[in-house]
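S.K.: my questions concern the predicted model and sequence given below.
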Amino acid sequence: LKNDYPDSRYGLEKTEEHLVVVDGTFHATPRLDLTGGYGFGQSDSRQASNETATVPPPTADAATDWWGNFRDRTVFVFTRSEWWAKPKKYLVIADYTFTRSYAEYDLSNGANTAADVPDTYYRRHEFMLEGRWKVNPAFDLSWRYGFDDFAADDFAAQNIPLLGLTGTSATAIYLGDSVLGYRAHRVALVASKRF
């Protein structure tokens, strides 16, 4: 996907996105299917602006122009296995997905004083194990276990204060949501009825 805005001096000048996904399933035996896949996505954008105190803006001085080039990359890998422990009666499913996202922010300006903001990084491991018992053609009972491990490093969504202070007075309350890493275990019992 490519968008160009050649007549825009300021604001969004262009975006470009690429996405590749490959997956496949191998029928190892009549009772075992193995599935796997890989995906890669990249998004690039360019923005332009002007810093000025003139009214109305912008100023004609090229030294007050600035640009932002942003690149965001995501990679994911997934696997899945389905095994009929007892044909047509008891199914065991295992899923694993790994996702990693990385973003870079390249800032520049006409005065050569711009400084880049820190890169951001997100990573996630997800694992799920399920046992499904087909009690009859219209009714299933299942147990599930899931594990989720998430980590993030994002300057814009971490260490956000709850209050803005001017001297000793609170002048702002920030309602932004902070992103925190975590590990989670999930357990479920599920009954499914088909009508």
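M.R.: Perfect, I can see it now. Numbers count the residues shown, from 1 in each chain.
S.K.: spatially central residue for the protein, please.
M.R.: Nearest residue to the geometric centre of the chain (CA atoms, centre = their mean): S101, 6.0 Å.
S.K.: A strand includes it, no?
M.R.: Yes - the secondary structure assignment for S101 places it in a strand, going by DSSP: H, G, I helix; E, B strand; the rest coil.
S.K.: that one and R73 touch, don't they?
M.R.: Yes - contact status for S101 versus R73: in contact at 7.0 Å, counting by CB atoms under 8 Å. Using the backbone N, CA and C atoms, a C-beta is placed for each residue, glycine as well.
S.K.: residues contacting the helix or strand harbouring S142, please?
M.R.: Using DSSP states H and E, S142 sits within strand 139-153. Identification of contacts with strand 139-153 by CB atoms under 8 Å, 6 or more residues apart in numbering yields 118, 120-135, 158, 179-194.
S.K.: filter the residues you listed to the buried ones?
M.R.: With neighbours counted using 16 or more other CB atoms under 10 Å, those contain these buried positions: 120, 122-124, 126, 128, 130, 132, 134, 179.
S.K.: who are the packing partners of the helix or strand of the chain with the lowest mean pLDDT?
M.R.: Least confident element among the helices and strands of the chain, by mean pLDDT, DSSP states H and E: strand 163-166 (a mean of 80). With contacts taken as 3 or more CB pairs under 8 Å, 6 or more residues apart in numbering; DSSP states H and E, strand 163-166 sits against strand 169-173.
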